[in-house]
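Student: Build the 3D model from these lines:
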Amino acid sequence: MRKKLVLFLSIISFSCSSGGDDPSPIPIVEPQVIAPVEGCKGGRIENASPNGDRTTLVWAEEFNEDGAPCVKNWNHETIPPNNGSWWNEEVQYYTDRRENSIVEDGVLKIIARKENYISKEYTSARMTTQRLFEFRYGKVEIKAKLPEGQGTWPALWFLGANIDTVGWPTCGEIDLMEHGDGEPGLVSSTVHRANADGNNYYRRGEQVIENESSKFHIYEMIWTNSSIQFFVDEVMHHSVSYDPNTPFDKYFFIILNVAMGGTFTGNNIDPNFTSSALEVDYIRVYQ
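Tutor: Residues are numbered from 1 along each chain as shown. So this is what the prediction gives:
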């Protein structure tokens with residue numbers, strides 16, 4: 001999702017494969033996290049005892065409480081980091097208003113809207129679990145319905161928890177799902193890291209699904225200490241293997257957002273676009 005320079009270079013410790021054997025269970029060590037005290041229910045599962053076989057639910061966001069997204073689980077990023085804008089020539093302004101992010105009837109809605117707001121013509125929301133929930137390895141399931149309209153760029157993804165210290169792309173990035181750079185229904189998964197020169201190097205896989213905006217689909221990632229695999233509705237479309245001592249041996253946090261325009265979409269937004277939402281039914285993390 002956060003992309004600047006892209007170089008296709010060979011790196012021995014970062015390779016792709018079309019599949020692989022199911023790895024052995026991995027010991028899980030929980031990081032220290034910071035969570036504010038509020039009335040909503042946090043996502044961490046009390047007394048969970050994961051053994052590394054990815055069958056123990058350790059964190060879940062079911063979006064069962066209507067209103068604002070739970071502050072025990074989510075931060076809203078609203079300060080543009082790139083001279084008043086976000087990266088990739090995106091044209092939205094991210095807010096923490098309920099017009100752009102709200103939980104209703106058991107579903108989170110991140111709503112992109114065409115409206116004049118501060119210096120932008122579109123608004124949306126970008127939500128993260130940074131410092132609230134950060135994890136390493138496991139299985140992630142996100143049940144989601146994608147927004148409609150050329151120019152929308154929804155993403156379900158993860159950034160390395162040390163981004164504030166080492167920067168991007170050194171921190172690593174895992175994109176479970178992005179949509180908007182091809183035909184409707186083309187969803188992609190990408191893993192980013194820095195190459196030897198410090199520039200962004202990535203591997204991508206994709207598949208075309210049907211009814212991406214009218215039905216919920218389950219986007220799944222299986223992350224081990226040697227590989228990351230990506231699925232939609234149990235159909236795998238990408239597998240990346242990696243060596244130890246890379247960003248993918250460290251902790252990551254979750255990000256949900258809908259950007260508008262940008263280089264990913266070819267800077268092409270339907271002039272008749274008014275509003276559309278990314279809807280998320282649940283997020284579940286197993287270890």
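
Student: Helices of the stretch 151-287 of the chain, residue ranges please.
Tutor: All helices of the stretch 151-287 of the chain, identified by DSSP state H, counting those that start in this stretch, fall at 163-166.

Student: which intervals of it have sub-threshold pLDDT?
Tutor: Scanning the stretch 151-287 of the chain for pLDDT under 70 picks out nothing.

Student: And for the nearest residue to D96 once chain neighbours are set aside, the neighbour number?
Tutor: Leaving aside its chain neighbours, D96 sits nearest to H76 (3.7 Å; criterion: CB to CB, 6 or more residues apart in numbering). Heads up, the C-betas are built off the backbone N, CA and C, glycines and all. When neighbours are counted by other CB atoms under 10 Å, H76 registers 18.

Student: Double-check H76 against S124; I have them as touching.
Tutor: No - in this structure H76 lies outside contact range of S124 using CB atoms under 8 Å: 10.9 Å.

Student: Need the residues touching each of these two.
Tutor: Common contact partners of H76 and S124 (CB atoms under 8 Å, 6 or more residues apart in numbering): 94-95.

Student: Find me the pLDDT at the residue nearest to D96, would you?
Tutor: pLDDT for H76: 98.

Student: same question, the one 4 residues further on
Tutor: What the model reports as pLDDT for P80 is 95.

Student: cool, and D22?
Tutor: 49.

Student: Tell me the span between the first and last residue of stretch 194-212.
Tutor: 31 Å (CA to CA, to the nearest Å).

Student: Look up how far W168 lies from N199.
Tutor: Distance, N199 to W168, by CB to CB, to the nearest Å: 11 Å.

Student: the more surrounded of the two?
Tutor: W168 (19 against 13).

Student: Sounds good, over and out.
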